[in-house]
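[1] output the structure for:
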Amino acid sequence: MITITILQDHEDAVGFHCIGHSGYAEAGSDIICAGVSALVINTINSIETFTEDSYHIDTEETSGLIDFRLDQKAGHDTQLLMKSMVLGLQGIQNDYGNEYIILDFKEV
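    As a prediction, the model looks like this:
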């Protein structure tokens, strides 16, 4: 199962922690893992390319870990990109269920 925790302050997202593999299908054929990976990695790449916001990231391929944290309060564009990622992840969760993907929100 993929677990994604969206980290929020009282107003905005400040990062996310993504770990696991969905187990929906074999590696290389798992459309849930592919969809989650595409959304998460595209969000990170878009923040890096299209905004001035800085962040740090830790990854570990075997466990599927992506731990992303903004270094300061995010600008409007970064918040929009994060909201777009969450929307896509919620769509996957709604379509495939909590057996494969869990999306949590945590105030930090």
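[2] C-alpha only now, for contacts and for neighbours.
    Noted.
[3] once you drop chain neighbours, what's closest to residue 30?
    Distances taken as C-alpha to C-alpha, 6 or more residues apart in numbering place residue 24 nearest to residue 30, at 5.8 Å, with adjacent residues excluded.
[4] hang on, the one you found packs against residue 34?
    No: counting by C-alpha atoms under 8 Å, residue 24 sits too far from residue 34 to count as a contact (10.7 Å).
[5] now do the SS call for the residue sitting nearest the centre point of the chain.
    Among the residues of the chain, residue 40 comes closest to the average C-alpha position under C-alpha atoms, centre = their mean, at 4.4 Å. Judged by DSSP: H, G, I helix; E, B strand; the rest coil, the three-state class of residue 40 is helix.
[6] what pLDDT does it get?
    On the pLDDT scale, residue 40 is placed at 98.
[7] which non-adjacent residue is nearest it?
    residue 85 (6.7 Å).
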